[in-house]
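Enquirer: Test case, fold it:
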Amino acid sequence: MEQQASKTTDQPTFPLQVDSEHKATVFRPFSISPPHMRAFHLAWISLFSCFFSTFSIPSLLPAIRQDLRLTAADVGTAGAASFCGSIFARLAMGPACDMFGPRAASAAVSLLTAPAVLAVSFASTAKSFILIRFLIGISLANFVSCQFWMASMFSGEVVGAASGVAAGWASAGSGLTQLVMPSVYYFLTHIVNLKPSFAWRAAFTVPALLQILTALAVLAYGQDLPDGKYKRTSTNTNKNYFSILFNGLKNYRGWVLGLTYGFCFGVELTTDNIIAQYFYDRFGVGMETAGAIAFSFGFANIVTRPAGGVVSDAMGRRYGMRGRLWSLWAAQTVAAVLCVGLGRIESLWGSVLMMCCFSVFVQAASGLTFGVVPFVSKRSLGVISGMTGSGGTLGAVVTQLLLFSGSNSNMSTQKSISLMGILMLLSTLPLTLLYFPHSGGMFCGPSHHPNSEQDYYNLLS
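Expert: Predicted coordinates:
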């Protein structure tokens, strides 16, 4: 009894309401109270800087391709390379978070890839440009640590909203950079009077410094768990990197969500890569105008992806897992139809309007996907997050190489955009295969089989 009383009095207190694991049961995105909300803000700002860096290049591509004499095939290959770097990095990031915690994993990736961002300034050939884009793309593995961190800090009641808002605000970096980098370029060429070939190179000091500063902030002020630094419990100390990895890899739900995510977030990444150039080439707008249009697509994440997480939590509270899965299917299906329409519209303003509508649903689908991820596996949460995240970048690589590589001169960009929408539509079908013993699936309720308790432990705990 004395031991139990001592244990009760030693319980830490938190500014937010928490559950038995000290995870927050409420989500207040405009609070900075430690440790939960401070971790939230550090996670999304760190990932924001990585998105800003990765997509700072497409925003200045008209100037870069002229100076480096890049062909359409070079541009397409570089775009695919930027996502290739992230695929295996995201998969490795999951077990890294499981073993070392999200704080150290996040800061390490940002600091290791920041020199590659600065190296853009020294690119002189197509090959060096493609290699640099590959290395910068590794920074997007920070997405996994961001989602892992949210699942470590927030309970199942609000984790969908926390994950959606964190990822949404971070992904807005892919839009803001489309506005900021052309403005920096304009300032350097028209105010400072630098030569264009030097101005675009000097501009990349901005994303490099941003990435370094945010990584240092994560190390200085971050906290892995509500109770302190990350430590695997004694029951898990014998699990090494590969056992954690294989436990997640054998869960088919991670593969299905990876495929689905590949054609919502992956399509979003591809669109971020090509949309400014698309409007610049097809409608003859200036680089600043094309950047502003692309900004409206990426920056919509600040609202749309969080909305997906909020909807997932609301549908989960009302209808359980069935509600989460149906809302994901509906959002991605609508996004697919709008993507097909975007490639078929001939007018500038009609295309801008269709693009904005498309951005709402494709980004919401990404938030809805990660509203399901925390319920797949507690033992290998980082691996499942990594599998899903890797699926996103793999989808981007597939669409970039298949539809926008520049190798097929007979296929216009607008036709490729419509075909991308058809691929999105097909990717929603495997969602019907997802089933959770204690939660059910799209077409059936939870299992009442005698072995369901053991299935729940084996697959989900």
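Enquirer: In space, what's closest to the spatially most central residue of the chain - neighbours in sequence excluded?
Expert: The centroid of the chain falls nearest to Phe143 when counting by CA atoms, centre = their mean (5.1 Å). Leaving aside its sequence neighbours, Phe143 sits nearest to Gly389 (CB to CB, 6 or more residues apart in numbering; 5.1 Å). For glycine as for every other residue, the C-beta is placed from the backbone atoms N, C-alpha and C.
Enquirer: these two touch, right, Phe436 and Val372?
Expert: No. Contact status for Phe436 versus Val372: not in contact, 9.1 Å apart, counting by CB atoms under 8 Å.
Enquirer: Find residues that contact each of these two.
Expert: Listed as contacting both Phe436 and Val372 by CB atoms under 8 Å, 6 or more residues apart in numbering are Met321.
Enquirer: between those two, which one's more packed in?
Expert: In terms of neighbours (other CB atoms under 10 Å), Val372 is the more surrounded of Phe436 and Val372; the figures are 27 against 22.
Enquirer: for that one, what are its contacts?
Expert: 257, 312, 321, 324-325, 328, 434.
Enquirer: Can you tell me which of those has the most neighbours?
Expert: Busiest of the contacts of Val372 [other CB under 10 Å] is Leu328, holding 31 neighbours.
Enquirer: could you measure the closest residue in space to that residue that isn't next to it in sequence against Gly284, distance?
Expert: In space, and not counting its chain neighbours, Leu328 is closest to Leu368: 4.0 Å by CB to CB, 6+ apart. As judged by CB to CB, to the nearest Å, Leu368 and Gly284 stand 37 Å apart.
Enquirer: Looking only at neighbour counts, state which of these two leads.
Expert: Leu368 (31 against 10).
Enquirer: Could you point out the helix or strand that follows the top helix by length along the chain?
Expert: Among the segments of the chain that qualify as a helix by DSSP state H, the longest is helix 72-100. Using DSSP states H and E, the next helix or strand after helix 72-100 towards the C-terminus is helix 102-119.
Enquirer: And that next one, what's buried?
Expert: Residues 102-111, 113-114, 116-119 are the ones in helix 102-119 that count as buried (16 or more other CB atoms under 10 Å).
Enquirer: Equivalent analysis for stretch 132-144, please.
Expert: So stretch 132-144, judged by 16+ other CB under 10 Å, has buried residues 132-144.
Enquirer: same check, this time on stretch 145-156
Expert: 145-155.
Enquirer: As a markdown table, the contacts of Val372 with distance to Asn251, pLDDT and secondary structure would be great.
Expert: Shown next, in a markdown table, are the contacts of Val372 (distance: CB to CB, whole Å; pLDDT from 0 to 100; DSSP: H, G, I helix; E, B strand; the rest coil):
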| residue | distance to Asn251 | pLDDT | secondary structure |
| --- | --- | --- | --- |
| Leu257 | 10 | 95 | helix |
| Ser312 | 19 | 90 | helix |
| Met321 | 15 | 91 | helix |
| Arg324 | 17 | 93 | helix |
| Leu325 | 16 | 95 | helix |
| Leu328 | 18 | 96 | helix |
| Leu434 | 11 | 93 | coil |
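Enquirer: which regions of the stretch 351-461 of the chain sit below the pLDDT cut-off?
Expert: 407-409, 448-461 (pLDDT under 70).
Enquirer: Give me the helices and strands touching the longest helix of the chain, please.
Expert: On a contact count with 3 or more CB pairs under 8 Å, 6 or more residues apart in numbering; DSSP states H and E, helix 72-100 meets helix 56-59, helix 61-68, helix 102-119, helix 126-137, helix 142-153, helix 241-249, helix 265-282, helix 381-403.
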